[in-house]
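# Give me a 3D structure for the following:
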Amino acid sequence: MGNPLNLPFDPIERAHENWRAHWGASPAMAAVTSVMRAQQLLIGQLDATLKPFELTFARYEALVLLTFSSTGALPLGKIGERLMVHPTSVTNTIDRLERQEFVRRRPNPSDGRGTLAEITDTGRDVVERATRELLAMDFGLDCYSEEELWHVHELFVKLRVSFGDFPESAARERPRA
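Have a look, this model is predicted:
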């Protein structure tokens with residue numbers, strides 16, 4: 001569940017004070033350091049929640065992607081593209097999920113040289129059970145209100161657009177309940 005530091009001060013704020021004394025104020029340094037620490041905390045908490053299912057968050061994401069696919073199967077290249085990871089990572093993820101019998105590889109009928117990863121019934125079952133657990137703990141973000149969560153999402157959409165993940169015109173308005 002992440003390692004609580006239990007420090008009597010904020011180490012990121014302390015680092016920023018030192019930074020400011022040495023190089024001048026940098027809200028960007030404080031922000032990126034906060035984002036990186038938040039990622040450590042969240043991955044720790046998410047992976048701990050998924051451990052009983054013998055999943056990591058990366059493998060869980062692959063199963064969810066296959067669940068969302070209309071056929072339950074996708075080419076490995078498409079999985080990497082959608083999950084925004086290197087092809088080697090996709091191969092390792094699918095290898096592991098295949099050993100667990102959560103996915104199976106099969107030839108791609110549209111591409112004689114290609115391979116599809118297809119979710120199995122066991123994989124569908126585990127992703128449903130794991131999802132219930134992740135939803136119950138709000139993916140580790142239960143300290144935020146719904147409005148705050150949408151705001152965080154919107155802030156990162158701007159960053160992702162600026163890095164070229166997708167065009168600003170593809171950014172969608174926040175869904176309303």
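# which residues in the protein form strands?
With strands called from DSSP state E, the chain shows them at 73-75, 103-108, 111-119.
# So, low pLDDT: which residues of the protein?
1-3, 174-177 (pLDDT under 70).
# picking that back up, winner for burial among the strands of the chain?
strand 73-75 (a mean of 19; mean count of other C-beta atoms under 10 Å). Where C-beta positions appear, they are placed from N, C-alpha and C, glycine not excepted.
# what separates stretch 4-19 from the chain centre, distance-wise?
26 Å (C-alpha atoms, centre = their mean, to the nearest Å).
# Helices of the protein, residue ranges please.
11-23, 27-50, 57-68, 76-83, 87-99, 121-136, 146-162 (DSSP state H).
# could these go into JSON lines alongside distance to residue 105 and mean neighbour count?
Putting the helices of the chain into JSON lines (distance: least, C-beta to C-beta, whole Å; neighbours: other C-beta atoms under 10 Å) gives the following:
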{"stretch": "helix 11-23", "distance to residue 105": "43", "mean neighbour count": "12"}
{"stretch": "helix 27-50", "distance to residue 105": "23", "mean neighbour count": "14"}
{"stretch": "helix 57-68", "distance to residue 105": "12", "mean neighbour count": "20"}
{"stretch": "helix 76-83", "distance to residue 105": "8", "mean neighbour count": "17"}
{"stretch": "helix 87-99", "distance to residue 105": "6", "mean neighbour count": "16"}
{"stretch": "helix 121-136", "distance to residue 105": "13", "mean neighbour count": "15"}
{"stretch": "helix 146-162", "distance to residue 105": "30", "mean neighbour count": "12"}
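# separation between the residue of the chain most remote from its centre and residue 14?
Note on the chain: the largest C-alpha distance from the chain mean falls to residue 21, namely 35.3 Å (C-alpha atoms, centre = their mean). Using C-beta to C-beta, to the nearest Å, we find residue 21 at a distance of 11 Å from residue 14.
# Likewise for residue 24?
With the distance defined as C-beta to C-beta, residue 24 ends up 16 Å from residue 14.
# Same check on residue 84?
Residue 84 is 33 Å from residue 14, by C-beta to C-beta.
# who does the closest residue to residue 72 other than its chain neighbours bridge with?
In space, and not counting its chain neighbours, residue 72 is closest to residue 119: 4.8 Å by C-beta to C-beta, 6 or more residues apart in numbering. Legend: beta-bridge partners of residue 119 under DSSP bridges are residue 103.
# how is the chain carved up into domains?
9-43, 53-164 (automatic domain parsing).
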